[in-house]
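J.: Show me how the following folds:
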Amino acid sequence: MLGEKIPGIYQEELNHFRETICGKINSEVIANKILAPAFDESKDVADVVGATKIQQENMTIT
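T.: Numbering: from 1, shown residues only. Model (predicted):
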């Protein structure tokens, strides 16, 4: 779409631009800790492995 609107720009240049923007956004998100990990052992008490094990045990009992 941009290639049609900007004469003389090549797909390779658009790909580089997109990768640069995404990389900058990712770097800022990581540096500013905007998104926390889904599970933090120091704070959370439950985990997916434990929940899955309990679910499997319940399925075997019934």
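J.: And for the one helix or strand residue 26 maps to, what's in contact with it?
T.: Using DSSP states H and E, residue 26 sits in helix 11-31. Helix 11-31 is contacted by residues 2-3, 34-35 when judged by Cβ atoms under 8 Å, 6 or more residues apart in numbering. Any C-beta I mention is one placed from the backbone N, CA and C, and that applies to glycine too.
J.: residue ranges with poor pLDDT in this structure?
T.: For the chain, the stretches with pLDDT under 70 are 36-40, 44-62.
J.: Give me the neighbour count for residue 22.
T.: 10 (other Cβ atoms under 10 Å).
J.: got it, and residue 15?
T.: The number of residues packed near residue 15 is 10, by other Cβ under 10 Å.
J.: how near is it to residue 31?
T.: Applying Cβ to Cβ, to the nearest Å, the value for residue 15 to residue 31 is 24 Å.
J.: Over to residue 18?
T.: 20 Å.
J.: Compare neighbour counts for those two and give me the winner.
T.: Ranked by neighbour count (other Cβ under 10 Å), residue 18 and residue 31 place residue 18 first, with 11 against 8.
J.: What distance do you get for residue 22 to residue 15?
T.: When residue 22 is compared with residue 15 (using Cβ to Cβ), they lie 11 Å apart.
J.: ditto for residue 3
T.: Taking Cβ to Cβ, one finds residue 3 at 11 Å from residue 15.
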